[in-house]
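**Student:** With the sequence up front, the predicted model follows.
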Amino acid sequence: MPIATPEQYAEMLSRARAGGYAYPAVNVTSSSILNAAMRGFAEAGSDGIVQMTTGGAKFASGSIGDMAAGARAIAEFAHVVGEKYPVLIALHTDHCTPPEAGNFLNLLIEESERRKERGEGPLFNSHMFDGSSLPREENLRLSREYLERCNDADIILELEIGLVGGEEDGLDHTGAAETALYSTPEDALAVVEALGLSDGHYMLAATFGNVHGVYADVNTKLRPEVLGELKEAVIERHGEAAAFNYVFHGGSGSTRAQIEEALRHGVVK
């Protein structure tokens, strides 16, 4: 099948939340790993998400070291080979921090804007802007700007509120205070106030003690019930339509019961 259209991607996420399941999002750094991920989804008979980090995209570009070029190259490759697989694949870019956005996220959105002008679908189905290291107000202000640009280009935005522990692709939160690793109801209400109801237009990477990787010296407790507390807070104020599509980062080492509880609260990715 071709790479998922915006409509198909929205339906994938809606179906996941209604069905109480989530899609694996597999990071790739080359065409060979991309093919392996697609083959894995095909063999499982499952639709799925393939994504790239800024570091992975830079690696994919080879000696030129251009993260946007690497991401574009792998995405274009995926659009071609994806047609040969019997499952739907969505394309996503992972954590992009504010210092990286000018040379990565902005350029990829601009490419999708050009594609839309030509009557084509977006290059990537969704992008993550990770402003979690910023003060909440600044994070949400920038997230709002990216949400407007992404939605105009038929792209879903993912944002993060709170910090995911551990380290991934140079983003190191191993020394963060434990309290920063749990999103609060106030955070959730601030997201809705700044970005409006999700309504499928954005996904929220709320934090509930999740950590990238498995660390012997990290004693943070994973608390999936935090996601339920956030959901209850926004539903109480804004109604059932306010429930988020959550993203679960750092699932390594989680128990089946913890994952299942997170799914019950609305994790879709």
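**Tutor:** Noted; the coordinates are in hand.
**Student:** Surely residue 151 is in a helix?
**Tutor:** Yes - with DSSP: H, G, I helix; E, B strand; the rest coil as the criterion, residue 151 is part of a helix.
**Student:** so how many other residues sit close to it?
**Tutor:** 14 (other CB atoms under 10 Å). Using the backbone N, CA and C atoms, a C-beta is placed for each residue, glycine as well.
**Student:** Okay, helices next: where are they in this protein?
**Tutor:** All helices of the chain, identified by DSSP state H, fall at 6-19, 31-44, 54-60, 67-81, 98-101, 105-117, 136-152, 185-195, 225-238, 256-264.
**Student:** Just the CA trace of the second one, in PDB.
**Tutor:** So the one you mean is helix 31-44. Extracted C-alpha coordinates of helix 31-44, given in PDB (Å, rounded to 0.1, in the frame of the first residue of the first chain):
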ATOM      1  CA  SER A  31      16.900   2.200   3.900                       C
ATOM      2  CA  SER A  32      17.800  -1.300   5.100                       C
ATOM      3  CA  ILE A  33      16.400  -0.700   8.600                       C
ATOM      4  CA  LEU A  34      13.400   0.900   7.000                       C
ATOM      5  CA  ASN A  35      12.800  -2.200   4.900                       C
ATOM      6  CA  ALA A  36      13.200  -4.400   8.000                       C
ATOM      7  CA  ALA A  37      10.600  -2.400   9.900                       C
ATOM      8  CA  MET A  38       8.200  -2.500   7.100                       C
ATOM      9  CA  ARG A  39       8.700  -6.300   6.600                       C
ATOM     10  CA  GLY A  40       8.100  -6.700  10.400                       C
ATOM     11  CA  PHE A  41       4.800  -4.900  10.200                       C
ATOM     12  CA  ALA A  42       3.800  -6.900   7.100                       C
ATOM     13  CA  GLU A  43       4.700 -10.200   8.700                       C
ATOM     14  CA  ALA A  44       2.700  -9.300  11.800                       C
END
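**Student:** contact partners of that helix?
**Tutor:** 26, 28, 47-48, 50, 74, 77-78, 81-82, 85-87, 89 (CB atoms under 8 Å, 6 or more residues apart in numbering).
**Student:** Any quick PyMOL command for the buried ones out of those residues?
**Tutor:** Selection of buried members from the contacts of helix 31-44 for PyMOL, criterion 16 or more other CB atoms under 10 Å:
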select buried, resi 26+28+47+48+50+74+77+78+82+85+87+89
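**Student:** quick revisit: hey, which of the helices of the chain is tucked in deepest?
**Tutor:** Among those, judged by mean count of other CB atoms under 10 Å, the one packed with the most neighbours on average is helix 54-60 (a mean of 22).
**Student:** Show me what it packs onto, helices and strands only.
**Tutor:** Identification of packing neighbours for helix 54-60 by 3 or more CB pairs under 8 Å, 6 or more residues apart in numbering; DSSP states H and E yields helix 67-81.
**Student:** To residue 209, which of the helices of the chain lies closest?
**Tutor:** Proximity to residue 209 (CB to CB) singles out helix 225-238 among the helices of the chain, at 7.5 Å.
**Student:** what angle separates the closest one from helix 256-264?
**Tutor:** 10 degrees (axes from the mean of the first three to the mean of the last three CA atoms, to 10 degrees).
**Student:** how far out from the middle of the chain is helix 225-238?
**Tutor:** Remark: helix 225-238 is offset 20 Å from the chain centroid, using CA atoms, centre = their mean, to the nearest Å.
**Student:** residues in contact with it?
**Tutor:** Against helix 225-238 from outside (CB under 8 Å, 6+ apart): 182-185, 187-189, 192, 197, 206-209, 242-244, 246, 261-262, 264-267.
**Student:** and if we set it to 6 Å?
**Tutor:** Residues outside helix 225-238 that contact it (CB atoms under 6 Å, 6 or more residues apart in numbering) are 182, 185, 188, 189, 192, 206, 208, 242, 243, 246, 265.
**Student:** Let's have the residues you listed in a markdown table, adding distance to residue 254.
**Tutor:** Output for the contacts of helix 225-238, formatted as a markdown table (distance: CB to CB, whole Å):
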| residue | distance to residue 254 |
| --- | --- |
| 182 | 15 |
| 185 | 23 |
| 188 | 21 |
| 189 | 27 |
| 192 | 27 |
| 206 | 15 |
| 208 | 11 |
| 242 | 26 |
| 243 | 22 |
| 246 | 14 |
| 265 | 14 |
